[in-house]
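[1] Model the structure of this input:
(one chain, ligands or ions: 2)
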Amino acid sequence: MRLSIIGSGYVGTTIAACFAEVGHEVVNVDIDEDVVATLNSGESPIHEPGLDDLIEEHAGDRLRATTDYEAVLDTDATFLALSTPSTDDGHIDLSIMEAAAESLGATLAEKDDYHLVVTKSTVVPTTTEEVIAPVLEEASGKTVGEEFDVGMNPEFLREGSAVEDFLDPDKVVLGSHTDRAAETLRAVFDPLVEQASDAAVVETGIREAEMIKYANNAFLAAKISLVNDLANICKEYGVDSSEVLDAIGLDSRIGSEFLGAGVGWGGSCFPKDVAAIIAAARDVGYEPAMLEAAVAVNDRQPVRMLDILRDHVDPSGARVAVLGLAFKPGTDDVRNSRAIPLIDALLDAGADVVGYDPVATENFRERFPDIDYADSAAAALDGADAALVVTDWDEFAALYDEFDAMNDPIVVDGRSIVTRRDDIVYESLV
Ligand SMILES: NC(=O)c1ccc[n+]([C@@H]2O[C@H](COP(=O)([O-])OP(=O)(O)OC[C@H]3O[C@@H](n4cnc5c(N)ncnc54)[C@H](O)[C@@H]3O)[C@@H](O)[C@H]2O)c1
Ligand SMILES: O=c1ccn([C@@H]2O[C@H](COP(=O)(O)OP(=O)(O)O[C@H]3O[C@H](CO)[C@@H](O)[C@H](O)[C@H]3O)[C@@H](O)[C@H]2O)c(=O)[nH]1
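    Ligands and ions are numbered 1, 2, ... in the order given. So this is what the prediction gives:
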């Protein structure tokens, strides 16, 4: 099939390359000329394992990029993979989606045959039908359900394993309201599902598809917060939380994944999506107490980490190495990284901060241009008074002798990853 993907960020680029990999002809439309040029030169605009290889293989053949929406006219279906950030009060900000839908609608006015527009972005229930569809109708002069359809296909890939997650998903959720839209969506995903190891296909309504995405993310974020609550209790009682969590994970009703206790969840999705569904719930008069608690626990974890640091050293004037700036290992994405509240608090306390990350330094520098950055973990630790481990990059697990270059080593480990040494002050957050 011929597919157009509007937005070529973390999701748009990944799904475009993967759709090309399973045999579709794909065009990415993005307003960012640099992103388009990078893709057309056969390179990935983002750091994501396996993505470079796919783009190198398919660019110029089944995959191309453009800033021109007209490219949509030669395709059968369009996926909207645009950012849906938060407003200051946590509500979903749909302005980017609406602007793209308007450009798309204006282009679809020129299309003679049927088209399907699929929301791939994470949007609160009713957005596709009540916000996106009317914008498309107004701009195209066409009617949804007649000349074109809308659908919703939430994305569950994780950064750092995006290609693998997309090509081999647990489930594919297809939200639609007409037989024609359902058939088109099936035709898009059939080749992917056929090559995946065991992907369930869930066919559902549009607002159900929208809500499944929030329920998925809210559940996972709340699971981590519950784990952090329990691990904090363990720490207070001198109980080894990893043994407790490993044991509860053996109960198949609980499961062993997403039991990683520590400094909490960050990233481009969990914080904004939990905030958006809380705000959406309040809009209809419902107070989601569990989700509010999940956020409260998450906000407290970096504060607890600094309290532990203060038990050993006064941050004022101390040189503090922050190991890990990406929100999780395997990505250069720093959106809502736990390093951000930690470094803000360290700077407020008068600390001299040096950051290190294997791949995310340049992105982090845009947010914190004035702290020091080191080229390696060893260089960050050299002469530091304390170290905070924020991201669970594998290379931090291998650190050992490097701590000897610190002044009286104090290590506070937010991800319980560093090999514990008895001859230095080592504190795990949980
Ligand atoms: N990042 C993830 O891991 C992930 C996973 C699942 C779902 N999601 C959801 O997918 C959506 C996209 O997230 P992302 O992380 O890929 O966003 P992103 O910010 O990385 O990418 C968005 C892209 O859209 C482009 N863009 C902006 N306005 C445009 C316009 N009018 N026309 C064309 N292009 C335009 C930007 O230049 C950018 O390249 C969000 O709703 C997010 O919640 C993200
Ligand atoms: O046991 C765990 C697992 C994760 N995290 C943290 O949780 C955050 C999110 O991690 P992860 O879910 O692995 O990465 P994301 O790329 O943010 O993926 C989430 O958000 C995406 C965007 O919506 C969804 O598509 C994915 O299914 C969902 O896992 C990170 O800060 C992790 O450090 C923990 O603290 N403990």
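
[2] Distance from the chain centre to stretch 232-251, please.
    27 Å (C-alpha atoms, centre = their mean, to the nearest Å).

[3] Could I get the CA-only coordinates of it as CSV?
    What follows is stretch 232-251, C-alpha atoms only, in CSV (Å, rounded to 0.1, in the frame of the first residue of the first chain):
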residue,chain,number,x,y,z
ASN,A,232,10.6,3.2,49.8
ILE,A,233,8.9,1.2,52.7
CYS,A,234,11.5,-1.5,52.2
LYS,A,235,14.4,1.0,52.5
GLU,A,236,13.0,2.4,55.7
TYR,A,237,12.9,-1.1,57.2
GLY,A,238,16.3,-2.2,55.9
VAL,A,239,14.5,-4.7,53.6
ASP,A,240,16.2,-5.6,50.3
SER,A,241,13.5,-4.3,47.8
SER,A,242,15.0,-6.1,44.8
GLU,A,243,14.4,-9.5,46.5
VAL,A,244,10.8,-8.5,47.4
LEU,A,245,10.0,-7.2,43.9
ASP,A,246,11.6,-10.2,42.2
ALA,A,247,9.5,-12.4,44.3
ILE,A,248,6.2,-10.6,43.7
GLY,A,249,7.0,-10.6,40.0
LEU,A,250,6.8,-14.4,40.0
ASP,A,251,3.1,-14.1,40.6
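
[4] Now do the buried residues in it.
    For stretch 232-251, burial by neighbour count (16 or more other C-beta atoms under 10 Å) applies to Asn232, Cys234, Lys235, Ser241, Ser242, Val244, Leu245. C-beta here means a position set from N, CA and C on the backbone, and glycine is covered the same way.

[5] Which residue is the nearest non-sequential neighbour of the fifth one?
    Okay, so that is Ser242. Ser416 (6.5 Å; C-beta to C-beta, 6 or more residues apart in numbering).

[6] Also the first one?
    Nearest non-adjacent residue to Asn232, counting by C-beta to C-beta, 6+ apart: Val430, 6.2 Å away.

[7] Surely that neighbour and Tyr237 touch.
    No: look at Val430 against Tyr237 with C-beta atoms under 8 Å: they stay out of range, at 11.8 Å.

[8] what's the neighbour count on Ser197?
    8 (other C-beta atoms under 10 Å).

[9] Pull the contacting residues for it.
    Ser197 sits next to Asp168 when contact means C-beta atoms under 8 Å, 6 or more residues apart in numbering.

[10] looking at this, it is in a strand?
    No: counting by DSSP: H, G, I helix; E, B strand; the rest coil, one finds Ser197 to be coil, located in no strand.

[11] Run through who's touching stretch 153-166.
    Contacts of stretch 153-166 (C-beta under 8 Å, 6+ apart): 10-11, 14-15, 17-18, 48-51, 54, 79, 81, 118-120, 122, 169-175, 185, 192, 209-210, 212-213, 216, 267-268, 327-331, 333.

[12] Rounded mean pLDDT for it, please.
    Across stretch 153-166, pLDDT averages out at 97.

[13] Buried ones in it, by neighbour count?
    Applying 16+ other C-beta under 10 Å to stretch 153-166 flags Asn153, Pro154, Glu155, Phe156, Leu157, Glu159, Gly160, Ser161, Ala162, Val163, Asp165, Phe166 as buried.

[14] of those residues, list those near ligand 1.
    Glu155, Leu157, Glu159 (C-beta under 6 Å from any ligand atom).

[15] re the thing from before, would you mind giving both backbone torsions of the residue nearest to Ser242?
    The phi and psi values for Ser416, taken as degrees, to the nearest 10, are phi 50, psi 50.

[16] For it, grab the count of nearby residues.
    For Ser416, using other C-beta under 10 Å, the count is 19.

[17] I figured it was touching Asp246, is that so?
    No: assessed by C-beta under 8 Å, Ser416 is found out of contact with Asp246, at 11.8 Å.

[18] Give me the subset of the contacts of stretch 153-166 lying in strands.
    Phe79, Val118, Thr119, Lys171, Val172, Val173, Leu174, Gly175 (DSSP state E).

[19] Show me what from the protein comes close to ligand 2.
    122, 155-159, 217, 220, 224, 258-260, 262, 264-267, 269-270, 273, 327-328.

[20] picking that back up, quick one: which two of the buried residues of stretch 153-166 are the most distant?
    Asn153 and Gly160 (21.6 Å; C-beta to C-beta).

[21] still on that earlier bit, ok, the residue nearest to Asn232 - contacts?
    Asn228, Ala231, Asn232, Cys234, Lys235, Ser241, Ala261, Gly262, Ser416.

[22] which residues of this protein score low on pLDDT?
    For the chain, no stretch is flagged by pLDDT under 70.

[23] residue boundaries of the strands in it?
    Going by DSSP E, the chain shows strands at 2-6, 25-29, 63-66, 77-80, 115-119, 148-152, 171-175, 200-204, 319-323, 352-356, 372-373, 386-389, 410-413, 425-428.

[24] Is the fourth one in proximity to ligand 1?
    Read it as strand 77-80. No: Strand 77-80 is not in contact with ligand 1 by C-beta under 6 Å from any ligand atom; minimum separation 8.5 Å.

[25] helices or strands next to that strand in the packing?
    strand 2-6, helix 95-108, strand 115-119, helix 179-195 (3 or more C-beta pairs under 8 Å, 6 or more residues apart in numbering; DSSP states H and E).

[26] Let me know which of the ones you listed is tucked in deepest.
    strand 115-119 (a mean of 26; mean count of other C-beta atoms under 10 Å).

[27] What pairs with that strand, parallel or antiparallel?
    Partners of strand 115-119 in the sheet, by DSSP bridges, are strand 77-80 (parallel), strand 148-152 (parallel).

[28] Compare these and give me the one nearest Ala405.
    Closest among these, using C-beta to C-beta: strand 77-80, at 49.2 Å.

[29] which other residues reach the closest one?
    Looking at what lies outside strand 77-80 - C-beta under 8 Å, 6+ apart - the contacts are 1, 3-7, 12, 15, 72, 97, 100-101, 104, 115-121, 132, 153, 184-185, 188.
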